[in-house]
Structures are given as C-alpha cells and as structure tokens.
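Engineer: starting from these lines, generate the structure:
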Amino acid sequence: MKIKFLFISVGFLILVGCVRSVFRSWPLPFFYVGLMAVGFLLALQFSLRSNFARVFVLNLMALPLAVSVAEGGLYLLHKLISTPQTRFEQDGDFVHGNYWLEDNELGYRPRPSGSYSAIMRERKTSQPVYNVRYGIDDEGLRKTYPSDAVSAKSCVVFFGCSFTFGEGLSDEESLPYLFGKDMGSTVKVYNLGFHGYGPHQMLAAIESGKIKKLLQNCENKPITAYFTTARFHIPRVAGKTFWDKSGPWYEVQGDHLTRRGQFSDLKYHFWGFKLSPTLEYQLEKSLTYGKLRTLASSKDEGLYLAIVKKSATDFANLFPKSQFKVIVWPTLADHNQKADNALVEKISQLGLSVTNVESILPDLRTHSARYELPDSHPSFEANRSIASFLSQH
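Structural biologist: Okay, the predicted model is just below:
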C-alpha cells in the first residue's frame, strides 16, 4: 500500500513538473496537459481497489479529456477553415513600428502626424494582399479630403472601427475621404474610426471633451455624425477582445449608463467571475477559453444599445444643430441575415436614423468579393457606393 502511494505521489509530482514546462513553452498547452491528466488518472484508476473510487476517477477523467478534445478540435477547425487570422499575416509599421499609442480615455489611438505602412500577405504563398500607407494628421485622425473647418459650411464626423478607418486601403479610398470628395470643400469631414474600436470609444471621445474640442470651429454650423457598426461590436463593449485591454469600461446600473473606468480595471474576469492575473494569463493560451470569452450575451447587447443611444443623445446635447445617423454592416461570415436585420430594428427602436448597408449594396451577399477585401474589410468599391449614397441623402 505504501509503495503504491509512493508511486502515485511520484507520478503526480512528475505530472506537475510536466504541466509547468508545457505552459511555459509549448504551443496548445491545454491540449497536451489534458492528455497528461487523462494518462495519470487512467493509471490511477487501474491502481485502485475500491469500485467507488475507480468509478469516481473514471468520471473525473471526462474533464481533462473534454478539454483536450475541445482544444484539438478547435485547432483543426482553424487549420481547415480559412479565416483572416489563419490565412494572412501582417507587416510594416502596423505591426513593428511606432504606430500605436496608449490613451487614457480611449485605450489606444494612432500616433499623430505620420504616414505608416500596412502590409498584408498570404501566409502560405507570401503573395501580397495589400501594401498601403495610413496618413494620420496632427489631430491623430486618418486624413480626409482637404477642406478648411473655418470656411466650411458644415461638418461631418465618421465614428466607427477599421471599417470606417479604411483598413487595407489608401487614404483616398476610405469612406470618409470619398464622402468628402463627393461633397467638396464646403464640408469638413473628420474620420474618427480606428482599428478594433467600438461604440464605447465613440462615447468616451464625446464624454471626455475630445469631440467638442475637435469641432470647435463647427459649433454654429450643421453637423452630421455617422456611426458605422456591426454585430461584432457587441462583445467589444464588454471588453471581450484581446486587443482592447484598456478600453473604456461602461456598465448599465439601474436606468443609468455609467463609465466605471477601463477594461484593465476589470481585466481578470470570465462570465462575471473575477480571475487572478496569473490564471487569466494562462487561460489566454486556451483556444476554448478564447472562444467562450468572446461570445456576446443578451446583457452585452443591452449595454451596446445603451452606449449607442447615449452617444447620440450626448452628441445632440453638445451640438443642437446636429444629426446622428447609424450605418449597419452585415456580418457575412456567419450567414445570419436574421440577426443582422434584428440589430437594425433594435437601433431603429432607439429612435435613431439607421441604414442597412444591404439597402445600399443589394447584391452584397451574392457578390461579396466585389465589396470586401480578402480579410473581410470594405473595399474601395463598397466605400465609393456608400459615399455616393450618403452624399445624396
């Protein structure tokens, strides 16, 4: 009995040592740790005499086995199904340069007054997908069609994410630039979109005074704000992304929407449970955790809608002569048109003006290659059509 206990103890210590080594340097650590745990429990099960204990250990084995199956399955799925993350690789200042800056209000932003390279290639063939430069002006915004805010008769602000910013496109191919070109020098256009942003960055920019300062020469003129959004913005407002660790953190408390700080203040959480920094760091190596962590809940959707509504209200309070309009892009990747239409309807029920991109590009789903870059961002053709529509309405 003592010898058996000794062997079990030594086996457990060896397992612990292997687990530490795996988590330090191995890829897909949860897959291998799960298999190790299954092997250990299987050996333990055969060494036990009690039927109850053997059945208990056998059932306990289901947990690490499920983890290994989930991790291995997701890994194979990622290999078999082509996604922008698995199919392409990025290079240039976008990855290696000093393009990104931390920001206390927004979490992060581009470095002002510069031109930054952004390169995307096919991973397998190294074939270029795009090779462009992002021009950032002195205000830290993507450059738009040249015009003067003082002499302009009206101003237009575009809020949003990389879709608004124009990821993968030259300055002249972005939606705000093309809209400004259509409208001419009598309209001053601002592009406040940026990679990975959501409506929480828009509201933070409004609440912090950044927008009021930016539009100080437009206060007595007609102002229109366009917010480009999609369903994938919903988990972003809840901090369920790996890139927006210090983004603005909002919560609905009763009937009020309140900024609680930054996501870094609530960094270590999972479905309402707070996690230690060490545990969170290790869990981020799990494909299963990453998948579960980014799932949007009905609570997240409620938060998203509250942020969009408050952004529109606060913008109107700052600029009484303004209009606030929402443009909704469908999420084509999951082929859930019903969910896309539902989001449009829910935004409309907030009392906001909303346009479904599919009403502008009716053949978007059938000819997506025409309107999307290979990484699913809007193409020049899509932006040109949307800009033309907005300039006429």
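Engineer: give me the low-pLDDT residue ranges for the stretch 251-393 of the chain?
Structural biologist: Where the stretch 251-393 of the chain drops to pLDDT under 70, the residues are 267-277, 281.
Engineer: for the stretch 101-250 of the chain, same thing?
Structural biologist: Applying pLDDT under 70 to the stretch 101-250 of the chain picks out no residues at all.
Engineer: just the strands from it, written as ranges.
Structural biologist: Assigned by DSSP state E, counting those that start in this stretch, the stretch 101-250 of the chain shows strands spanning 107-110, 114-122, 128-136, 154-159, 187-191, 223-229, 248-253.
Engineer: now the stretch 251-393 of the chain
Structural biologist: Using DSSP E, counting those that start in this stretch, the strands of the stretch 251-393 of the chain run over 256-262, 269-270, 273-274, 322-328, 353-356.
Engineer: so for Ser147, which of the ones you listed sits nearest?
Structural biologist: Proximity to Ser147 (C-beta to C-beta) singles out strand 322-328 among the strands of the stretch 251-393 of the chain, at 18.1 Å. The C-beta positions use only the backbone N, C-alpha and C, and glycine is treated the same way.
Engineer: pull out the buried positions in the closest one.
Structural biologist: The neighbour-count check on strand 322-328 (16 or more other C-beta atoms under 10 Å) flags Ser322, Phe324, Lys325, Val326, Ile327, Val328 as buried.
Engineer: okay, and the beta partners of the fifth one?
Structural biologist: Counting by DSSP bridges, Ile327 forms beta bridges with Thr228, Thr355.
Engineer: what separation do you get for it and Pro378?
Structural biologist: Counting by C-beta to C-beta, to the nearest Å, the separation of Ile327 from Pro378 is 11 Å.
Engineer: shared neighbours of the two, which are they?
Structural biologist: Counting by C-beta atoms under 8 Å, 6 or more residues apart in numbering, the residues touching both Ile327 and Pro378 are Ile386.
Engineer: look up how far Arg24 lies from the residue lying closest to Gly196 once chain neighbours are set aside.
Structural biologist: In this structure, Gly196 finds its nearest non-sequential neighbour in Trp243, 5.1 Å apart by C-beta to C-beta, 6 or more residues apart in numbering. For Trp243, the distance to Arg24 equals 24 Å [C-beta to C-beta].
Engineer: between those two, who's got more neighbours?
Structural biologist: Trp243 (11 against 8; other C-beta atoms under 10 Å).
Engineer: can you report phi and psi for the more buried one?
Structural biologist: The phi and psi values for Trp243, taken as degrees, to the nearest 10, are phi -100, psi -20.
Engineer: what is the burial count for the residue lying closest to Val150 once chain neighbours are set aside?
Structural biologist: Leaving out its chain neighbours, the residue that sits closest to Val150 by C-beta to C-beta, 6+ apart is Asn217, at 5.2 Å. Using other C-beta under 10 Å, Asn217 has 14 neighbouring residues.
Engineer: so that it lines up with my notes, have the first residue be 342 from now on.
Structural biologist: Sure, I'll start counting at 342 from here, so that last one is Asn558.
Engineer: Asn558 against Ala490, yeah?
Structural biologist: Yes: counting by C-beta atoms under 8 Å, Asn558 does reach Ala490; the two are 4.0 Å apart.
Engineer: need the overlap of contacts for those two.
Structural biologist: When contacts are counted by C-beta under 8 Å, 6+ apart, Asn558 and Ala490 are jointly contacted by Cys496, Lys529.
Engineer: about what we covered before: so for Pro469, which of the strands of the stretch 592-734 of the chain sits nearest?
Structural biologist: Per C-beta to C-beta, nearest to Pro469 of those: strand 663-669, 29.5 Å.
Engineer: ok, which stretches of the stretch 342-491 of the chain are helices?
Structural biologist: 343-366, 370-388, 392-401, 403-421, 425-428, 434-437 (DSSP state H, counting those that start in this stretch).
Engineer: and the third one with helix 370-388, angle?
Structural biologist: Orientation note: helix 392-401 sits at an angle of 170 degrees relative to helix 370-388 (axes from the mean of the first three to the mean of the last three C-alpha atoms, to 10 degrees).
Engineer: check the fourth one too.
Structural biologist: Angle between the axes of helix 403-421 and helix 370-388 is 150 degrees (criterion: the same axes, to 10 degrees).
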